[in-house]
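[1] A predicted structure for the sequence below; I have some questions about it.
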Amino acid sequence: MQELARKLGLRVDPTIFFVSAGIMVAFLVALLVAPGPIGDAFGAGRTWIVTNLGWFFILGVTSWVAFLLWVALSRYGAIRLGGNDARPDYGNISWFTMLFAGGIGTVLMFWGVAEPISHFSTPPRPDVAPYSVEAADDAMGFAIYHLGLHTWAIFTLPGLAFAYFIYRYDLPMRFSSVFYPLLGERIYGPIGKTLDIFALLGTLFGVAVSIGLGTQQINAGLTELFGIPNAVMPKVLIIAVLTTVAVGSIVAGLDSGIKLLSNINIGMAVGLMFFVLFTGATVFLLRAIVETFGIYISNLLPMAFWNDTLAQYTHEKGGWGWQGNWTVFYWAWTVTWSPFIGIFVARISRGRTIREFVLGVLFAPSIFTLIWFAIFGWSAMQIDGIGEQARAALGDQAGSLSQAVEQSVPLAMFAFFEHFPAATLIQGLAVVIVAIFFATSSDSASLVVDMLCTGTPDPGPVHQRMFWGIAEGVLAAMLIVLAGEAGLTALQQVITVIGLPVFILVFGMMFSLLRGLQSENIPPAHVGKPPHTEDLQGPR
C-alpha cells in the first residue's frame with residue numbers, strides 16, 4: 001500500500017487511507033445494490049439502541065458537562081495547550097466564527113423554528129396542553145437543552161483531549177493519540193489504526209447526515225421561491241453544486257477558505273437574527289431573551305437527568321415515548337461529529353489555556369444558540385398563537401406554522417419568513433446562509449479527515465483533500481437516494497447506529513484525559529494563614 005500511495009502522490013498513512021476509502025466505497029456499492037435491506041437493518045438497530053441504551057446517552061453527556069467544568073475550574077485550567085510561551089493563532093472573533101460555522105450553524109437554521117414549534121404543538125410532557133403558555137416555556141427549555149451546553153460538551157471533550165495530547169505530548173494529529181495514556185506505543189499499531197479508521201468513517205457519516213438535512217432545507221426553500229420540485233433528483237443536484245463550492249474552499253485552505261467563509265456566514269446569520277428581532281415584536285422578544293436564560297437555568301438540571309421513565313404509563317405507544325426521537329437522536333448524531341469538530345477546534349486553538357478553551361467552547365456558542373432560539377422560537381410561537389385567547393384572536397391563522405412543520409420540517413424556516421417584510425428576499429438569503437454553512441461544514445470536515453490520514457496539521461496534496469470533499473458529497477447523495485420520501489427518519493436511523501460506538505470511545509477519551517492531567521507536575525494550591533489585625537495596620 002505504501003508503493004500505491006507513492007504512485008498516487010498521496011501523503012498519508014496508507015493503511016488508514018486505503019482501508020477507510022475501501023470501506024466507504026463498499027458501503028456505497030451496498031446502498032446501490034440493496035438499499036431496502038440496509039435501511040431495514042439500520043431501522044432495527046436504531047430501535048434496539050433507543051429502547052435499551054437511551055439512558056446511557058442521557059447520563060453520558062451530562063457527565064461530560066460536569067467533567068469539563070471541573071477541569072476548567074481546577075488547577076489544571078492554567079495548563080496551556082502548547083508550550084508555556086505559546087499564544088493563540090487566531091483572535092477571539094475569528095476563533096468563535098470558525099468553530100461555530102464548522103459546528104452547528106446548519107442545525108440552527110434547520111431547527112431554529114421547527115424544534116420549538118414541534119414541542120409547542122406536541123409537548124414532550126404528557127401533562128402539558130398543546131399551544132398553552134406552559135407548552136411554550138417547555139418548548140424553549142427543551143430546544144436549548146438540546147443545542148446548548150450539552151451539545152457543545154460533546155464537541156469540547158474530544159477537542160480538549162486532542163489539543164492536550166497533540167500539543168503537550170507532541171503526538172500525531174490523529175484520533176488514536178488521545179488514548180496514549182491507555183494504549184502507549186500501541187497507538188501506532190493495529191489498535192491505533194483501527195481507532196483512526198473508525199473515527200474517519202464516523203466523521204464522514206455524521207457530516208453526510210448533516211449535509212442531507214441541509215440539502216432538504218435548501219430544496220424546500222427553492223420550492224417555496226421558484227417552484228422547484230421537492231424530490232430526490234433536485235436534492236442530488238444541490239449536493240453536487242455545493243460540494244463543488246466546498247471543494248473550492250478546501251483547495252484554498254484554512255485561512256483563505258474556511259476562515260473567510262465562516263466570517264461571512266456568521267455575519268449574515270447575525271444580520272438575519274437582528275432582522276427578525278427588529279421587524280418582529282421587538283419588546284416582547286427582548287423580554288423573552290432575558291426570560292429564556294431563566295427558563296434554561298432553572299430547567300437544566302432536571303432535563304439533564306430526565307429519561308421519560310414513565311413513558312410506558314403516560315404515552316399510548318409506550319416505549320421511550322418522545323425522548324427517543326429527539327434527545328437520543330441528537331446526542332447520537334452530535335457525537336459522530338465529535339472527532340471532526342474536536343480535531344478542527346484543536347487545530348485552531350493552539351496556545352489557549354485549558355480554562356480558556358473549555359469555557360470559550362462551552363459557553364460562547366451556547367449563549368449565541370440561546371439568543372437565536374429565543375428570537376426565532378418565541379417569534380414563531382407568537383405567530384402560531386400562544387394560549388386560547390391569542391389563538392381565538394388569530395382565527396384561521398392560528399397554528400399555521402405548526403401545520404407547515406407537520407407537513408415538512410425543512411419548510412419551517414421559509415413558512416416562518418412569510419410573516420415578515422420582504423419575505424421573498426429574506427427566504428433567498430436564508431437559502432444562501434444554509435448553503436454556506438453546509439459548505440463550511442463540508443470543507444472543514446474534509447480537512448480534518450485529511451489530518452487523520454496524514455497525522456499532521458499541515459494540509460496534504462490538493463487532490464488528496466479534494467477526494468474527501470467529493471466523497472462526503474457522494475455519501476450524502478446516496479443517503480438521500482436511500483432515504484427517499486422518508487428522508488429525515490432514515491437519516492436518524494443511520495446516525496443513531498453509527499453514533500453508539502463513537503459515544504463509547506468518547507467516554508474512553510474522558511478517562512484518558514484525566515490520566516494525562518494527573519501526570520502533570522502541578523502542585524495543589526495552598527491557602528496561607530490569615531494575617532493578624534496588627535499586621536494590617538500601618539506604622540503609628
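    Perfect, thanks for sending it.
[2] For Leu69, give its distance to Leu149.
    Distance from Leu69 to Leu149, counting by C-beta to C-beta, to the nearest Å: 9 Å. All C-beta spots, glycine's among them, are computed from the backbone N, C-alpha and C.
[3] who touches both of those two?
    Leu362 (C-beta atoms under 8 Å, 6 or more residues apart in numbering).
[4] Those two - which one has more neighbours?
    Neighbours were counted for Leu69 and for Leu149 using other C-beta atoms under 10 Å; Leu149 has more, 25 against 15.
[5] dump the residue contacts of the more buried one.
    Applying C-beta under 8 Å, 6+ apart, one finds that Leu149 lies in contact with 65, 300, 362-363, 366.
[6] neighbours around Glu520, how many?
    Neighbours around Glu520, by other C-beta under 10 Å: 11.
[7] quick revisit: which one of the contacts of Leu149 is nearest Met509?
    Within those, the smallest distance to Met509 is 14.5 Å, found for Val65 (C-beta to C-beta).
[8] which non-adjacent residue is nearest that closest one?
    Leaving aside its chain neighbours, Val65 sits nearest to Ala153 (4.4 Å; criterion: C-beta to C-beta, 6 or more residues apart in numbering).
[9] Isn't the one you found up against Leu362?
    Yes: using C-beta atoms under 8 Å, Ala153 is in contact with Leu362, at 6.5 Å.
[10] Would you mind listing the residues touching both of those two?
    Common neighbours of Ala153 and Leu362 (C-beta under 8 Å, 6+ apart) are 65, 68.
[11] In terms of neighbours, single out the busier of these two.
    Looking at Ala153 and Leu362 with other C-beta under 10 Å, you find the greater number of neighbours at Ala153, namely 26 against 23.
[12] Which element is encountered next along the chain beyond the host helix or strand of that one?
    Using DSSP states H and E, the element containing Ala153 is helix 149-168. Remark: after helix 149-168, the chain's next helix or strand is helix 180-183, criterion DSSP H and E.
[13] Which elements pack onto that next one?
    Under the contact criterion of 3 or more C-beta pairs under 8 Å, 6 or more residues apart in numbering; DSSP states H and E, helix 180-183 touches helix 487-518.
[14] Can you list the helices and strands that the helix it packs on packs against?
    helix 35-73, helix 149-168, helix 180-183, helix 190-226, helix 327-347, helix 462-483.
[15] Of all those helices, which one is nearest Ala390?
    helix 190-226 (26.0 Å).
[16] where in this structure is pLDDT low?
    99-105, 249-262, 314-321, 459, 482-492, 522-540 (pLDDT under 70).
[17] which parts of stretch 23-43 are buried?
    Within stretch 23-43, the residues that count as buried by 16 or more other C-beta atoms under 10 Å are 24, 27-28, 31, 35, 39, 42-43.
[18] just stretch 362-369 next, same as before
    Neighbour counts over stretch 362-369 (16+ other C-beta under 10 Å) mark 362, 364-366, 368-369 as buried.
[19] For Ala445, state which of the buried residues of stretch 23-43 is nearest.
    Minimum distance to Ala445 across the buried residues of stretch 23-43 is 13.4 Å, recorded for Met24 (C-beta to C-beta).
[20] I'd say the closest one and Leu201 touch.
    Yes: using C-beta under 8 Å, Met24 makes contact with Leu201 at a distance of 6.7 Å.
[21] show me the contacts for the residue nearest to Val65.
    Per C-beta under 8 Å, 6+ apart, neighbours of Ala153: 61, 64-65, 68, 362.
[22] now those as a markdown table including distance to Phe420?
    Listed next are those as a markdown table, based on distance: C-beta to C-beta, whole Å:
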| residue | distance to Phe420 |
| --- | --- |
| Val61 | 35 |
| Trp64 | 38 |
| Val65 | 36 |
| Leu68 | 38 |
| Leu362 | 32 |
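[23] Can you tell me which of these is nearest Ala398?
    Nearest to Ala398 among the contacts of Ala153: Val61, at 36.0 Å, using C-beta to C-beta.
[24] Need the nearest residue in space to that closest one, chain neighbours excluded.
    Once flanking residues are discounted, Val61 sits nearest to His150: 4.9 Å by C-beta to C-beta, 6+ apart.
[25] surely the one you found meets Leu59?
    No: assessed by C-beta under 8 Å, His150 is found out of contact with Leu59, at 11.5 Å.
[26] Which of the two has more residues huddled nearby?
    Legend: neighbour count by other C-beta under 10 Å for His150 and Leu59, higher for His150 (24 against 13).
[27] any idea how far Tyr296 is from the more buried one?
    Counting by C-beta to C-beta - His150 and Tyr296 are separated by 11 Å.
[28] Give me the distance from stretch 417-430 to the chain's centre.
    How far stretch 417-430 lies from its chain's middle: 26 Å, per C-alpha atoms, centre = their mean, to the nearest Å.
[29] do the same with stretch 142-159
    8 Å.
[30] do stretch 200-208 as well
    When C-alpha coordinates are averaged (C-alpha atoms, centre = their mean), stretch 200-208 and its chain have centres 12 Å apart.
[31] Sticking with Arg6, tell me its helix or strand.
    helix 2-7.
[32] now the buried residues of stretch 23-43 as TSV including distance to Leu286?
    Formatted as TSV, the buried residues of stretch 23-43 follow (distance: C-beta to C-beta, whole Å):
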residue	distance to Leu286
Met24	48
Phe27	49
Leu28	49
Leu31	48
Pro35	49
Gly39	46
Phe42	44
Gly43	44
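[33] out of these, who's nearest Phe340?
    Closest to Phe340, out of all of the buried residues of stretch 23-43 and judged by C-beta to C-beta, is Met24, at 14.9 Å.
[34] doesn't that closest one fall inside a helix?
    Yes: judged by DSSP: H, G, I helix; E, B strand; the rest coil, Met24 forms part of a helix.
[35] Tell me which residues touch it, please.
    Shown in contact with Met24 (C-beta under 8 Å, 6+ apart): 201, 204, 471, 475.
[36] what's the spacing between the second one and Leu479?
    When you say that, I think you mean Leu204. To Leu479, Leu204 is 11 Å away according to C-beta to C-beta.
[37] just the first one next, same as before
    Using C-beta to C-beta, Leu201 is found at 14 Å from Leu479.
[38] does Gly82 count as helix, strand or coil?
    Secondary structure, three-state DSSP: Gly82 is coil.
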